[in-house]
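In: What shape does this take:
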Amino acid sequence: MRGGEIELLAPAGKPEVLEAVAAAGADAVYLGGKRFNMRALRYDFNFSDRELAQAVRDLHQLGKKLYVTVNNLYFDRELGELSRYLVFLQEIGVDALIIQDLAVARLHRELGLTLPLHTSVQMGLANSKAVDFFAETAVTRVILSKNLTLSEIRAIHEQTALAIEFFAHGDLCVSHAGQCYMSSFIAGESGNRGRCVKPCRWPYQTRGLEHEFHGYLLAYNDLCLLPYLQDLVEAGVFSFKIEGRMRSAEYLQELVGIYRSALDRVLSGVSNPEDQSREQAVLNNRRVRDFTSGNLLGRPEADAADPGGEREPFFPTAPRILPALNTNSWSETNPALPPGDYQLTVTVGNLPGLKNMLPTAVDTLVLPWGKYRTDRTGWDLTTLDEALLIARESGKQLVVETPRIVTESQLRDIRHLIHHLQDKDIQAVEVNDYGSLQLVQEAGLPVWAGWGLNTSNSKAVAYLREAGASRISPSLELCREDLDALLASGELEVEIMVQGPLCAMISDMCIFRTTRQEEFDSCSAPCMDGDLSLEDALGQHYPVKTDYDCRSHIFYPRERSLFALLPSLAASGAGYFRIDGRFYNDRVLGEVAAIYLCTLKNLQFTPEALPQDWKRLLGLFPEGLTWSPLQES
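Out: Here you go, the predicted model:
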């Protein structure tokens, strides 16, 4: 490997591409097989088992390495074949596996495999404690979140012995990796399983602003960190990764060659501004989209996206009508809820919401840490302490929930929160990233695993049980068959989110800033002015809420409600249910909770009562409700 401690890592989707990028100077190549990888939409790409074995031999003869992507989320019905595939990959001598799902790490241990594991960018590892979570495992390398600054990368490197990989060039998702469910909710095609229909590449109209704007508001430009290789090496990046497994041999050979030359100059300490300028000009001339440095130098600027869409490539998908549930949806279920000890948990967004639940029979209240600008909802230490006092006096159990995104710069706040909770009477801390999980482990507090961890199968559940979790909320992407399989495993208490808004995307990019670039030298916080949304070409509105980290949380147009499925979910073994009422006003929250409690706690299971409760629930949400993506088998 050139440079000793530094690696240039290139993609390949076909054997001829592998040959081209190896010749261009890649130290290692990553690729996927025909099964179990994140580039599943084009079967003509990816490697057959025979081609995989040949690729290993070819690269090893050249003194180069081969990493195989096994980086989807998996379901229980796939684990048998997945196990055999993992054994095959070890037998042919691949150098590492790139993984997203904890199930692969669990199977790796159960099968006695020895090949190294690299955590995928899809895991969203964005802080040093998330890296620590994998330090005593078969993981030897972490691919950090693309949403990190240079200083955050350096801070993580200084606190870990694991090798750090970082994307240097290629497509960017506008959402944090692993936290975009929009394609699943709209089309049943999961971006976490390599089947994204790219809703972020569609045009939208802003709604709720004084000056509305139409364009490709979520169309992120492509990443290019060629000018910052020296900085990244000094920050501790070991492997520089180029994105593009669907690209041609010609395109990637030139791209890899440019990065090879630039990286060699960095490693040799030779500066040649003329060469750098020439190479950047070549990249600019061959670019698909315009370039951005993403988060590397700070929060993305207004020009990180291309709202005009002038360079946005054609992608053959478009918005579709999103159906809403109606009174007839009840007839599609069997209204015969079996008696049982069902428990209801409610997420509340503020003190009035908490006080509203005190007279009810709700078992547990969840307090989500952090605040939204748009709704003034969320919790801080002052309101949290008041809630704890109220809960102690009323006999309610409280769970504090950590955010889905925790970068290194935010880790101090989460550490402070967990330290603050150590002498408090709480039922658990619900975590949505591996860094928060590691901190809760170290503090010795009870822990629940939130749905932000994308738990999709019983092996991942078993992994989280060993990590201390006593309850999990499974991925919201599960279809009914896969949810039933997870319920049947009996590994942990499984809590299903049965009612609430579906946050489908979290982005560091300020959507409203991209529409008014010249007005944002100083932010006037237009996101606080009212109900903001993005309207697609079919007139459907995707609500947008911003938090105090200036992240945009984009929601599916319809809220989830599985009330009509309660009987069959209970028959499958479900006993724990969640209402996410953080954004509900007092009236709606009270009525929604009463409807569910009437069914789950007061034992009113009759076929005559349940449809009437369903009609009441529908009436509270005139914009419509959905099961998406959960459906009956």
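In: going on from the lengthiest helix in the chain, what's the next piece of helix or strand?
Out: Determined from DSSP state H, the single longest helix within the chain is helix 249-268. For helix 249-268, the succeeding helix or strand toward the C-terminus, using DSSP states H and E, is helix 273-286.
In: what's the helix or strand following that following helix packed up against?
Out: On the C-terminal side of helix 273-286, the closest following helix or strand by DSSP H and E is strand 291-292. Where contact means 3 or more C-beta pairs under 8 Å, 6 or more residues apart in numbering; DSSP states H and E, strand 291-292 is packed against strand 222-224. The C-beta positions use only the backbone N, C-alpha and C, and glycine is treated the same way.
In: Do I have it right that residue 592 meets residue 499?
Out: Yes - shown here, residue 592 and residue 499 form a contact pair, counting by C-beta atoms under 8 Å, at 6.1 Å.
In: overlap in contacts of those two?
Out: 579, 581 (C-beta atoms under 8 Å, 6 or more residues apart in numbering).
In: Please say which of those two ends up with more neighbours.
Out: Just comparing residue 592 and residue 499: by other C-beta atoms under 10 Å the higher neighbour count belongs to residue 499, 26 against 23.
In: wait, is that one part of a helix?
Out: No - assessed with DSSP: H, G, I helix; E, B strand; the rest coil, residue 499 is strand; it does not lie in a helix.
In: On the strand side of things, show who it bridges to.
Out: residue 561, residue 579 (DSSP bridges).
In: Wait, it touches residue 579, no?
Out: Yes - using C-beta under 8 Å, residue 499 makes contact with residue 579 at a distance of 4.4 Å.
In: what sits up against stretch 350-366?
Out: In contact with stretch 350-366 (C-beta under 8 Å, 6+ apart) are residues 343-348, 367, 376-379, 383, 386-387, 390-391, 394, 396-401, 427, 430, 578, 581-582, 584, 586, 589-590, 593-594, 597, 601.
In: go with 7 Å
Out: 343-348, 377, 383, 386-387, 390, 394, 396-399, 401, 427, 430, 581, 586, 589-590, 593, 597, 601 (C-beta atoms under 7 Å, 6 or more residues apart in numbering).
In: Pull out the buried members of the residues you listed.
Out: The neighbour count (16 or more other C-beta atoms under 10 Å) marks 343-348, 377, 387, 390, 396, 398-399, 401, 427, 430, 581, 589-590, 593, 597, 601 as buried among the contacts of stretch 350-366.
In: By mean pLDDT, which helix or strand of this structure comes out lowest?
Out: helix 511-515 (a mean of 72; mean pLDDT, DSSP states H and E).
In: ok, residues contacting the following helix or strand past it?
Out: Per DSSP H and E, the first helix or strand lying C-terminal to helix 511-515 is strand 532-535. With contacts defined as C-beta under 7 Å, 6+ apart, strand 532-535 is touched by 204-209, 217, 374, 541-544, 554.
In: List just the nearest of those to residue 52.
Out: Residue 52 has its nearest neighbour among the contacts of strand 532-535 in residue 554, at 37.6 Å by C-beta to C-beta.
In: strands paired with the helix or strand hosting residue 430, and their directions?
Out: Assigned by DSSP H and E, residue 430 belongs to strand 428-431. Here strand 428-431 has these sheet partners by DSSP bridges: strand 397-401 (parallel), strand 447-449 (parallel).
In: Tell me which residues are up against the longest one.
Out: Right, strand 397-401. Residues outside strand 397-401 that contact it (C-beta under 7 Å, 6+ apart): 363-369, 384, 387-388, 391, 421, 426-430, 448, 450.
In: mind listing which of those are in helices?
Out: Among those, the members found in helices (DSSP H) are 384, 387-388, 391, 421.
In: which two in the residues you listed are spaced the farthest apart?
Out: Using C-beta to C-beta, the two most remote members of those are 391 and 421, lying 12.9 Å apart.
In: circling back: quick one, which of the strands paired with strand 428-431 gets closest to residue 297.
Out: Taking those one by one with C-beta to C-beta, strand 397-401 is closest: 31.1 Å.
In: Kindly reformat the contacts of strand 532-535 as a markdown table and extend each row with distance to residue 63, pLDDT and neighbour count.
Out: Below are those laid out as a markdown table (distance: C-beta to C-beta, whole Å; pLDDT from 0 to 100; neighbours: other C-beta atoms under 10 Å):
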| residue | distance to residue 63 | pLDDT | neighbour count |
| --- | --- | --- | --- |
| 204 | 49 | 96 | 26 |
| 205 | 54 | 95 | 16 |
| 206 | 53 | 93 | 23 |
| 207 | 57 | 92 | 16 |
| 208 | 57 | 88 | 19 |
| 209 | 56 | 83 | 16 |
| 217 | 46 | 93 | 24 |
| 374 | 55 | 76 | 21 |
| 541 | 55 | 97 | 19 |
| 542 | 50 | 97 | 22 |
| 543 | 53 | 96 | 21 |
| 544 | 50 | 95 | 24 |
| 554 | 46 | 97 | 24 |
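In: quick check, nearest of the residues you listed to residue 458?
Out: Proximity of those to residue 458 (C-beta to C-beta) peaks at residue 554, which lies at 30.9 Å.
In: Now that closest one: closest residue in space that isn't a chain neighbour?
Out: residue 505 (4.2 Å; C-beta to C-beta, 6 or more residues apart in numbering).
In: How about residue 26?
Out: Distance criterion C-beta to C-beta, 6+ apart; nearest residue to residue 26, sequence neighbours excluded, is residue 10 at 3.6 Å.
In: Now do the contacts for the one you found.
Out: Here residue 10 is in contact with 21, 26, 29, 242, 252, 256 (C-beta under 7 Å, 6+ apart).
In: I'd assumed it was in a strand, is it?
Out: Yes - using three-state DSSP, the assignment for residue 10 is a strand.
In: Which pLDDT does the model give it?
Out: Per-residue pLDDT puts residue 10 at 98.
In: Next: residue 335.
Out: With respect to pLDDT, residue 335 has a value of 53.
In: Kindly report the same for residue 307.
Out: For residue 307, pLDDT reads 90.
In: next one: residue 632
Out: Taking residue 632 on its own, its pLDDT is 43.
In: burial measure for residue 146, as a count.
Out: Neighbours of residue 146 using other C-beta under 10 Å come to 22.
In: residues contacting it?
Out: 121, 167, 172, 177, 294-295.
In: Apply 8 Å and report the result again.
Out: Counting by C-beta under 8 Å, 6+ apart, residue 146 touches 121, 166-167, 172-173, 177, 223, 294-295.
In: Quick one, grab the pLDDT at residue 530.
Out: Predicted confidence (pLDDT) for residue 530: 69.
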